[in-house]
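Engineer: fold the following and give me the result.
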Amino acid sequence: MGPTRETLVAHLMATGMAGQVATPRENNLDHYQRLAYRDPDYMFGLNPGPRWEDPAEILELMARKVGVDPRPQFRRGVDTIDPELTASALDRYAERFQQALREQQRVLFATGHPRTLARLYQQLAAALTDAGGTIVRAGAGAGYDGYTRRGWQRLEVDYVLGVATIGDPVGAVHTHSDRPIRLVLAALEKAGEARPDLVVADHGWCGGAAYAGIDAIGFADCNDPALFVGEEEGTVAVAVPLDDGIDEEEYDLLGEYILTSRT
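Structural biologist: Residues are numbered from 1 along each chain as shown. Purely as a prediction, here's the structure:
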């Protein structure tokens, strides 16, 4: 028996993963505007339709799918993620991942949040291996020059315990870019290998996979609207709203919930 939905919701609230979250309202609104204006760093590899050129439409969507405050006049302060919406989305996420376990599918695990979400994906990757599925690993060492907080660096794909990241010489870095998933897919094609049946990821790893036509399920914060737009348009299979920047061990319970789900 794993955690119940009630236990999950209590954990989301207690950790700040949902409820009142650390991401401020002004940051949310700024990012909604950036997506509306087609800032590539906030599109996560997707190409939303013209409806999403209006920040008001994005706010309405985020209120409905994530639980942020729906009032346009609320400009500054503490914003929210509805834990019930998180739990319902996690049920859909678990259902898709359980299918991957049952059918022993080929799954790519990847993250643009290596310091917070990699551990959760490693937990899921281990379960896939135990179930007889295949962890997709391709493109290790492929890279490009990119700008990080340490300046321009050579960034390369790497895998740690089955989870792909993009990193500089110091280690894995945070990224919104879809360039890493495009490198992995190109490496698979060059090697004559099949694409993944499923991508378990976030940020551009998730959006870029979804845009390429692959089933992709991902986590996203209330200031990252692209994956929720993708889900609304039917491109992203599942987008789960939660604060994606808390201590990595706090996500362990979500892994338990996903792996013991009976949905």
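Engineer: where along the stretch 101-250 of the chain do the strands fall?
Structural biologist: 106-110, 134-135, 143-148, 151-160, 163-168, 171-172, 198-202, 216-220, 238-241 (DSSP state E, counting those that start in this stretch).
Engineer: name the nearest residue to R106, ignoring sequence neighbours.
Structural biologist: Once flanking residues are discounted, R106 sits nearest to T134: 4.5 Å by Cβ to Cβ, 6 or more residues apart in numbering. (C-beta placed from N, C-alpha, C; glycine too.)
Engineer: ditto for R150
Structural biologist: Nearest non-adjacent residue to R150, counting by Cβ to Cβ, 6+ apart: D168, 6.5 Å away.
Engineer: partner residues bridging that neighbour?
Structural biologist: D168 has these beta-bridge partners by DSSP bridges: G171.
Engineer: tell me the bridge partners for the spatially most central residue of the chain.
Structural biologist: For the chain, the residue sitting closest to the mean C-alpha position, by Cα atoms, centre = their mean, is D202 at 2.1 Å. Residues in a beta bridge with D202, per DSSP bridges, are F219.
Engineer: in TSV: the strands of the stretch 101-250 of the chain, plus mean pLDDT.
Structural biologist: Output for the strands of the stretch 101-250 of the chain, formatted as TSV (pLDDT from 0 to 100):
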stretch	mean pLDDT
strand 106-110	98
strand 134-135	98
strand 143-148	88
strand 151-160	93
strand 163-168	96
strand 171-172	94
strand 198-202	98
strand 216-220	98
strand 238-241	98
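Engineer: list the contacts of the residue nearest to the centre of the chain.
Structural biologist: Contacts for D202 (Cβ atoms under 8 Å, 6 or more residues apart in numbering) come out as 111-113, 117, 218-220, 227, 244.
Engineer: then C206?
Structural biologist: C206 makes contact with 44, 110, 199, 216-218, 220, 227, 236, according to Cβ under 8 Å, 6+ apart.
Engineer: distance to L128 and neighbour count for these - can I get that in TSV?
Structural biologist: Below are the contacts of C206 laid out as TSV (distance: Cβ to Cβ, whole Å; neighbours: other Cβ atoms under 10 Å):
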residue	distance to L128	neighbour count
F44	24	30
A110	14	32
V199	12	29
A216	15	32
I217	13	29
G218	16	32
A220	22	26
L227	22	31
V236	20	26
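Engineer: let me know the closest of these to A10.
Structural biologist: Distance to A10 across these (Cβ to Cβ) is lowest for A220, with 21.8 Å.
Engineer: spatially, what comes nearest to that closest one if we skip its sequence neighbours?
Structural biologist: Spatial nearest neighbour of A220, excluding adjacent residues (Cβ to Cβ, 6+ apart): L227 at 4.3 Å.
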